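Engineer: Here you go, sequence then predicted model.
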Amino acid sequence: MRIWKRASICFSIPYFFGTMYYFHTYLTPNFVWDDDSIETDEIETKSNYTNIMINNGSVEVFSNTTNESVPKLLHLMNKFIFLHPGKSGGGTFKMRLKYLWRMEMLNCHPRPKKCFQHWNKRKASFITIRDPIDRFVSAFNWRSILLCNDDNVREKFKYLQDKDKVTFDPILHCKERQHETQVIFQKYQQNVSVLAEGICSNWSQTKNDLDFIGHIREGSLTEWFHGRKNWDRLIPIILEKDVDFKEQIDEGILWAQQRFQFETPSKFAMRHQSFLKRNLLNDSFIGKSVSIRKEHSSVRMNRNETPSLSKLGKACLAQFFVKDYLLIKEIRDFGCKSINCKMACQSILNRRYELFQNLSTNVLYRFH
């Protein structure tokens, strides 16, 4: 009998681990990670910890002279999901979350449709939001930088092959996308106004062209929401000039802890104190870091040479994104978890109010 029990244990152990491997490999949800993600070894040490400094979208590494203990990376994959529309500040959100707060969560990027089925399985969703017209222009200009266009100087890559090289250094590398390149360079001559005006003058053809342009084809803000307006489970963070984006990130994390208690109060208090010290170091060492610097190239590429958006182009995009702007008003009224968030939403609506004066009185009234 003892021999039989020992034998059954010997056989059950490999069966258990084999089953766990199967579940992890084949049944774990698959998410598309964005082009500007930065993967580093997780550091859970004490002295001489290599600190990460985040400065306007860049990540800088410097040596810590204090003997501060650093919290372990807190995995929140089963509790929160980050909805990351392209060109909305998502890279800054992820870096601040991981390197300063020492947390990570599921990242949904660049397409929202793959994430719909997983929303209800998480306690809440974080989402970064930007003025729809600004995001449209930024996406067009960013793809103009990334794509190869009869380029014999830069090293060419296809699809996901060495995507980080292209994202971090498009001066030396570029992406090969035949149809997208033809649309941006040949048809629209890298002029976003021509594309935007085409929405008014030739919608059927322009719609097909939009389907080829990265970060535009992935959907509007309304499509990212997919009709879900459970405001108590949504944490919006708004990228808008003159409103502190990083402070909104911190306020969102603090609100989520207070609302959902994803970490014990004592442990989170220690994590918060560590964050405050590291955030202070982050501000103190700007411009003084050494060793490694990884920076999303959209931050450091010169955009002064790109054509500005025409008045007609703005009007056409305003009509195209009218549902998104009405949604931003709802986010201001019901979704924001901080005064900064409300101020950012209001700033966007104020800047774009003139564009909607030619629309129906009913639509204009709804913007107040």
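Structural biologist: Looks like it came in fine. This is a predicted model, so every value here is computed, not measured.

Engineer: which element is residue 156 on?
Structural biologist: Secondary structure from DSSP states H and E places residue 156 in strand 155-158.

Engineer: Dump that strand to CSV, restricted to CA.
Structural biologist: This file holds the C-alpha atoms of strand 155-158, laid out as CSV (Å, rounded to 0.1, in the frame of the first residue of the first chain):
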residue,chain,number,x,y,z
GLU,A,155,17.4,50.0,-41.6
LYS,A,156,14.0,48.6,-42.5
PHE,A,157,11.9,46.3,-40.4
LYS,A,158,8.6,44.6,-41.1
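
Engineer: can you give me the strands in this structure?
Structural biologist: For the chain, strands defined by DSSP state E occupy the ranges 50-55, 58-63, 74-75, 80-83, 103-104, 106-108, 124-130, 155-158, 173-176, 234-239, 293-295.

Engineer: Next, the buried residues of the strand holding residue 156.
Structural biologist: For strand 155-158, the neighbour count (16 or more other C-beta atoms under 10 Å) marks residue 157 as buried. In this view, the C-beta of every residue, glycine as well, is placed from N, C-alpha and C.

Engineer: Residue 139 against residue 210, yeah?
Structural biologist: No: the criterion here is C-beta atoms under 8 Å, and residue 139 misses it with residue 210 at 10.2 Å.

Engineer: Looking at these two, which is more packed in?
Structural biologist: Just comparing residue 139 and residue 210: by other C-beta atoms under 10 Å the higher neighbour count belongs to residue 139, 24 against 18.

Engineer: Now list whatever residues contact both of residue 139 and residue 210.
Structural biologist: residue 216 (C-beta atoms under 8 Å, 6 or more residues apart in numbering).

Engineer: Run through the stretch 1-150 of the chain and note the low-pLDDT ranges.
Structural biologist: Of all residues in the stretch 1-150 of the chain, those with pLDDT under 70 make up the ranges 1-68.

Engineer: typed the wrong thing, it's the stretch 151-300 of the chain
Structural biologist: By pLDDT under 70, the weakly predicted segments of the stretch 151-300 of the chain are 151-152, 158-171, 283-300.

Engineer: could you pull out the helices for it?
Structural biologist: For the stretch 151-300 of the chain, the helices defined by DSSP state H, counting those that start in this stretch cover 163-168, 178-181, 192-201, 203-210, 221-225, 245-260, 265-284, 297-300.

Engineer: which residues touch the second one?
Structural biologist: Here helix 178-181 makes contact (C-beta under 8 Å, 6+ apart) with 143, 147-149, 212-214.

Engineer: 6 Å instead?
Structural biologist: Helix 178-181 has contacts (C-beta atoms under 6 Å, 6 or more residues apart in numbering) with 147, 149, 212.

Engineer: filter those residues to the buried ones?
Structural biologist: Once neighbours are counted (16+ other C-beta under 10 Å), the buried part of these comes down to 147, 212.

Engineer: could you dump the contacts of helix 178-181 to CSV with distance to residue 220?
Structural biologist: Shown next, in CSV, are those (distance: C-beta to C-beta, whole Å):
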residue, distance to residue 220
147, 22
149, 27
212, 16
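
Engineer: ok, of the contacts of helix 178-181, which one's closest to residue 95?
Structural biologist: If you rank the contacts of helix 178-181 by distance to residue 95 using C-beta to C-beta, residue 147 comes first, at 24.8 Å.
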